[in-house]
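[1] here is the input, now give the coordinates:
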Amino acid sequence: MEYFRERDNRIQADFALHAGKLLVQYCEISSGSKLECKYDATLTICIFQSILTNCDELLMAMSRAQKRIWDEEIVDIPNRWGIKRNFIVKNTFIENKTYRNFLTHLRNALSHPTSPDRSPHYESSGYTTLSDSSGVISKFLFIDSPWVRRGKLKRDVSSEIEMDVKEALGKLPEKMKSILRVAKSQNGNYEIYRKDRVYYPAFKAEITLPDLVNAVLELANFLAQPVRDDWDGRTVSRLIG
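    Residues are numbered from 1 along each chain as shown. This next block holds a predicted model:
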């Protein structure tokens with residue numbers, strides 16, 4: 001049986017359909033409301049979190065079935081699901097900038113809120129809002145920084161014991177180990193270096209509210225396709241918006 005005919009995947013597709021329609025409905029109803037009375041930013045984040053978690057199995061099944069598309073490099077025009085390369089403002093992960101990796105980073109970032117600026121500390125995983133000069137939310141900031149906890153490098157990658165950090169380095173993929181090394185940093189700990197700088201993987205994306213709404217609706221529409229009894233597993237029809 002094709003994955004999109006399975007009962008659980010059909011249920012998840014139905015959830016994506018209703019979640020997307022809910023966002024469209026709210027945007028239409030609130031279009032004439034004052035800015036201080038609109039909650040589209042909160043609703044968009046809630047729906048995005050729900051889609052990436054509640055539809056996880058369906059998302060993975062669809063990405064496996066359409067591996068070539070998900071492993072494409074992100075571009076600005078044309079783009080898939082409203083996702084653009086210029087959303088990415090920082091990416092030190094040793095990887096390609098694919099749609100699969102982009103959504104993985106955003107899902108990790110959506111795990112909890114974070115602070116937009118932790119300098120001089122390291123950036124921690126999470127998401128937050130960025131406001132314009134009037135105080136209105138203009139962008140969302142998403143950070144995926146798996147080696148950092150509460151603004152500091154985790155103990156397995158920053159330690160007084162050299163072998164502990166070398167062990168952590170040894171667990172990384174070969175393509176990372178070949179360009180990274182362990183050395184003593186200025187703080188006295190042994191840490192992982194890339195060339196002459198302390199290395200830690202960090203992903204940051206900034207997305208305006210209209211762009212995020214569009215991306216969420218496009219992704220929900222894509223995930224909703226299995227609700228169609230005649231779906232062929234490839235063709236994407238407009239079901240939302």
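[2] what about S133, which SS state?
    coil (DSSP: H, G, I helix; E, B strand; the rest coil).
[3] one more: V182?
    State at V182, reduced to three classes by three-state DSSP: strand.
[4] mind checking how far it is from E162?
    Distance, V182 to E162, using CB to CB, to the nearest Å: 6 Å. All C-beta spots, glycine's among them, are computed from the backbone N, C-alpha and C.
[5] so the two - more neighbours on which side?
    V182 (19 against 13; other CB atoms under 10 Å).
[6] quick one: that one and D196, what's the gap?
    14 Å.
[7] picking that back up, overlap in contacts, V182 and E162.
    Shared contacts of V182 and E162, defined by CB atoms under 8 Å, 6 or more residues apart in numbering, comprise Y190.
[8] after the lengthiest helix in the chain comes which helix or strand?
    The longest helix of the chain (DSSP state H) is helix 7-29. Sequence-wise, the next helix or strand downstream of helix 7-29 (DSSP states H and E) is helix 40-54.
[9] please identify the buried residues of whichever helix or strand comes after that following helix?
    Going down the chain from helix 40-54, the next helix or strand is helix 56-65, by DSSP H and E. Buried residues in helix 56-65, counted by 16 or more other CB atoms under 10 Å: L58, L59, A61, M62, S63.
[10] can you name every helix or strand that the following helix or strand past helix 56-65 contacts?
    Next along the chain after helix 56-65, taking DSSP H and E as the criterion, comes helix 67-70. Judged by 3 or more CB pairs under 8 Å, 6 or more residues apart in numbering; DSSP states H and E, the packing partners of helix 67-70 are helix 99-109.
[11] okay, the angle between the longest helix of the chain and helix 56-65?
    Here the directions of helix 7-29 and helix 56-65 differ by 100 degrees (axes from the mean of the first three to the mean of the last three CA atoms, to 10 degrees).
[12] now helix 7-29 against helix 40-54, angle please.
    Using the same axes, to 10 degrees: helix 7-29 against helix 40-54 is 180 degrees.
[13] same question for helix 7-29: list its buried residues.
    Quick answer for helix 7-29 (16+ other CB under 10 Å): 9, 12-13, 15-17, 19-23, 26-27.
[14] for the residue positioned nearest the centre of the chain, give its distance to N79.
    For the chain, the residue sitting closest to the mean C-alpha position, by CA atoms, centre = their mean, is L106 at 1.2 Å. Counting by CB to CB, the gap from L106 to N79 is 15 Å.
[15] how about I88?
    Between I88 and N79 the computed distance is 12 Å (CB to CB).
[16] neighbours around the residue lying closest to L35 once chain neighbours are set aside, how many?
    Setting aside the residues directly before and after it, L35 is nearest to V136 in space (CB to CB, 6 or more residues apart in numbering), at 5.7 Å. Neighbourhood size, V136 [other CB under 10 Å]: 13.
[17] how about H121?
    Residues near H121, counting by other CB under 10 Å, number 13.
[18] for it, what are its contacts?
    By CB under 8 Å, 6+ apart, H121 lies in contact with G151, K152.
[19] noted, bye for now.
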